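Undergrad: Sequence and computational prediction follow.
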Amino acid sequence: MAGIGGAETTGKKVGWGLLNAVVVIYALFPVLWIVSLSFKSSKTLADGNFIPREWSLENYENIFSTTEFTRALINSIGIALIATAIAVVFGTMAAYAIARLDFPGKNLLVGVSLLIAMFPQVSLVSPLFEIERGLGLFDTWPGLILPYITFALPLAIYTLSAFFREIPWELEKAAKMDGATPGQAFRRVIAPLAAPGVFTTAILVFIFCWNDFLFAISLTSTEQSRTVPVALSFFTGSSQFEDPAGSIAAAAVVITIPIILFVLFFQRRIVAGLTSGAVKG
Amino acid sequence: MAEIVLDKVSKRYPDGALAVQDVNLEIADGEFIILVGPSGCGKSTTLNMIAGLEDITEGELRIGGQRVNEKAPKDRDIAMVFQSYALYPHMTVKENMAFPLRLAKVDNATVERKVREAAEILDLSQHLERKPSNLSGGQRQRVAMGRAIVRNPKAFLMDEPLSNLDAKLRVQMRTSVSRLQKQLGTTTVYVTHDQTEAMTLGDRVVVMRGGVVQQIGAPQFLYDHPANLFVAGFIGSPSMNFVPATLENGSLRSVLGDCVLTDRVRQLVEGADAPREVIMGIRPEHFEDAALVDAATLSSGGKFTSQVDVLESMGSDKYAYFTLTGEQAASAELQELAADAGSDDVPGDGISLVTRLSSSSGAVEGASADIWFDADKIQLFDPSTGRNLTYTER
């Protein structure tokens, strides 16, 4: 009996393992291809080999040799971090109010934020372009940060209010009885418990800002505020007949690294079941 | 430590619902007072108003002689134990207990000492570094108590603190809560829906129904002298038996046979301007097997004969259950009590009666038995108002 059961689990394990392997390969293959391209020299770029015949750092040296890419990298990191920080702070406050309070216009607020999230961004590009030129925000950091916050906030509010609803309200009452001001109750009891939600939201918002191409290409014109996804599209070879694919591949690998770091860093904070043990049942 | 005074305190919700109406209550310094009643009677709302978690619509709340209506919970210096314990899951037991002290900016050495003292009292010393999720229900309950006692508040408020524990542990914790309160001598307001907790724990018990205080008094007094049908039916387990009866020339006619009122009862009834149709209430222990009662006593009470439905022998006593033919006593208060006990939809023809007999009784299940009851112990109620017609302060 045990033998049959054991065989069955082994069979299942192999089956699941294969399925997982297929999914992982399917997802990672393009990434590996890009990595492979980035290490090829310009001569072997188009040879179709998966493993480069001669490894070279030529492409990486290229992209870092001019300010075009490094400047864009700084812009991207700065803009995405600032937009994420602001969106998460405001999103936390708004989500807390929505989850805990009953105030007039609450449903309207939720509805409007949902509306913003669903609005096709491409239809906003031309008006935003005109507005930002009028206000002198065109081709500046705030010119990108503002629309990013606008579109990230509904996302942040939605994710966070779901997390806040999970936290037992009695904990806040208990904190008040223990002598906490509403601010202290929020900072010392509610916020630490909502931390997994805050970090999850931060990751989502950061990725959204980091990956955006539409706003970045429409609302910037120079290196001063151009972000990496846009800078990539402006890459050219050393002559106009040279294919910049190698450089683009190298840059793509470089801009993937911050995202991986960001996720890995915050993943540790996302501990499921942090509220267990607070209340019985 | 301080006394708490509720002066005509009312709570009305924005939708107009009146949750608590004109509660007058003076809680003495160091007193252990119980708010008891079925769910939705306003006991928790009253407690939350004392805590400051809910606003007081009307009336005044004074703690230690000071009006605190407008004060935030943190400025009232009272501690609360919640039904769900509400422990902070991201803090260890020690941090949980130290939290009120940290907020009060107490220095480290004092915090350390007070937490250790509280942990010792509550037998939590070996669990100080653990997180609440790794504790058992009883331990969590004790941590919640510990968090309340560390800062020597003016009063403790407890909102059904034992109702999440299993039966055995609840009895055990009940004794420790009582002992702890005596030891600390802190004014305590305790909310429960369990009449046993109310009877065993409190110095005084406040029975509430529909936001209105029904009666305030010592547990034994409420048991012996309930002000109305509701209190009579709520306090006591098994609860009082209610039988419709008719008053006729100083005697009482019911399915339990005719019985002459004793002088004491007759005087009370006359003074109370009683109607003809009344509800007779009699507690299980005021019945006895007629064969065990001597002739002189027998004549001072009523007697009936009926078939024993069920007989439960508890060793020290026997509980005999009867079903008598007749209409059940009808009143809004009795209906509410039945609904709270969940027995309102149990089909029952006739009047069910619970009697407690001596263990030497020869009553047999399924056979007929002669049962005597003490006429001096009966209580008579007005079916329309529920008022106790035989109520006396003594």
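TA: Nice, I can see it. Numbering: from 1, shown residues only, chains lettered A, B, ... in the order given.
Undergrad: mind exporting stretch B:359-372 as CSV, just the C-alpha atoms?
TA: What follows is stretch B:359-372, C-alpha atoms only, in CSV (Å, rounded to 0.1, in the frame of the first residue of the first chain):
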residue,chain,number,x,y,z
SER,B,359,-31.6,12.9,46.5
SER,B,360,-33.7,10.7,48.8
SER,B,361,-36.8,11.3,46.7
GLY,B,362,-38.5,8.2,45.4
ALA,B,363,-39.6,9.9,42.2
VAL,B,364,-39.2,7.6,39.1
GLU,B,365,-39.0,8.6,35.5
GLY,B,366,-42.3,7.9,33.7
ALA,B,367,-44.3,7.4,37.0
SER,B,368,-46.5,9.8,38.8
ALA,B,369,-45.1,11.8,41.7
ASP,B,370,-46.6,14.0,44.4
ILE,B,371,-44.8,17.3,44.5
TRP,B,372,-45.1,20.0,47.2
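Undergrad: Distance from the chain centre to it, please.
TA: Centre-to-centre, stretch B:359-372 and its host chain are 32 Å apart (C-alpha atoms, centre = their mean, to the nearest Å).
Undergrad: Over to stretch A:59-71?
TA: Stretch A:59-71 has its C-alpha centroid displaced from the chain centroid by 23 Å (C-alpha atoms, centre = their mean).
Undergrad: before we move on, what about stretch B:378-394?
TA: That offset, for stretch B:378-394, works out to 19 Å (C-alpha atoms, centre = their mean).
Undergrad: buried set for that stretch?
TA: B:378, B:379, B:380, B:381, B:382, B:383, B:386, B:388, B:389, B:390, B:391 (16 or more other C-beta atoms under 10 Å in any protein chain shown). From N, CA and C alone the C-beta is placed, and that goes for glycine too.
Undergrad: Show me which helix or strand of chain B is least confident by mean pLDDT.
TA: helix B:332-341 (a mean of 83; mean pLDDT, DSSP states H and E).
Undergrad: so after that helix, what's the next helix or strand?
TA: Per DSSP states H and E, helix B:332-341 leads on to strand B:351-358 as the next helix or strand towards the C-terminus.
Undergrad: Give me the contact list for that next one.
TA: B:238-239, B:241, B:243, B:255, B:284-285, B:287-289, B:292, B:317-329, B:363, B:371 (C-beta atoms under 8 Å, 6 or more residues apart in numbering or on different chains).
Undergrad: who does residue B:4 bridge with?
TA: With DSSP bridges as the criterion, residue B:4 is bridged to residue B:27, residue B:63.
Undergrad: isn't it right next to residue B:50, touching?
TA: Yes: under the criterion of C-beta atoms under 8 Å, residue B:4 makes contact with residue B:50 at 6.4 Å.
Undergrad: Just give me the residues shared between the contact sets of the two.
TA: Counting by C-beta under 8 Å, 6+ apart, the residues touching both residue B:4 and residue B:50 are B:61, B:155, B:189.
Undergrad: what about the last one, which helix or strand?
TA: Put plainly, it is residue B:189. Assigned by DSSP H and E, residue B:189 falls in strand B:187-192.
Undergrad: any idea of the mean pLDDT in that strand?
TA: The average pLDDT within strand B:187-192 is 95.
Undergrad: chain center to stretch B:367-383, what's the gap?
TA: 24 Å.
Undergrad: what does the model give the residue of the stretch 251-394 of chain B found nearest chain A for pLDDT?
TA: Nearest to chain A, among the residues of the stretch 251-394 of chain B, is residue B:342, at 20.2 Å (C-beta to the nearest C-beta). pLDDT recorded at residue B:342 is 74.
Undergrad: Give me the phi and psi for it.
TA: Per-residue torsions, residue B:342: phi 80, psi 10 (degrees, to the nearest 10).
Undergrad: Check the burial of it by counting its neighbours.
TA: 8 (other C-beta atoms under 10 Å in any protein chain shown).
Undergrad: cool, residue B:16 as well?
TA: So residue B:16, with other C-beta under 10 Å, has 6 neighbours.
Undergrad: Please apply the same query to the one 3 residues further on.
TA: By other C-beta under 10 Å, the residues close to residue B:19 number 20.
Undergrad: neighbours of residue B:70, just the number please.
TA: Neighbours of residue B:70 using other C-beta under 10 Å come to 10.
Undergrad: Residue B:293 too?
TA: Using other C-beta under 10 Å, residue B:293 has 20 other residues around it.
Undergrad: was I right about it contacting residue B:372?
TA: Yes: counting by C-beta under 8 Å, residue B:293 does reach residue B:372; the two are 4.9 Å apart.
Undergrad: what is in contact with the two at once?
TA: Common contacts of residue B:293 and residue B:372 (C-beta under 8 Å, 6+ apart): residue B:301.
Undergrad: burial count for the closest residue to residue A:182 other than its chain neighbours?
TA: Leaving aside its chain neighbours, residue A:182 sits nearest to residue A:176 (7.4 Å; criterion: C-beta to C-beta, 6 or more residues apart in numbering or on different chains). Summarising burial for residue A:176: neighbours were counted as other C-beta under 10 Å, giving 21.
Undergrad: buried residues in stretch A:86-99?
TA: Here stretch A:86-99 shows A:86, A:87, A:88, A:91, A:92, A:94, A:95, A:96, A:97, A:98, A:99 as buried, counting by 16+ other C-beta under 10 Å.
Undergrad: Surely residue B:11 forms part of a strand?
TA: Yes: assessed with DSSP: H, G, I helix; E, B strand; the rest coil, residue B:11 lies in a strand.
Undergrad: Spit out the contact partners of it.
TA: Contacts of residue B:11 (C-beta under 8 Å, 6+ apart): B:18, B:19, B:20, B:42, B:45, B:46, B:49, B:54, B:55, B:56, B:57, B:211.
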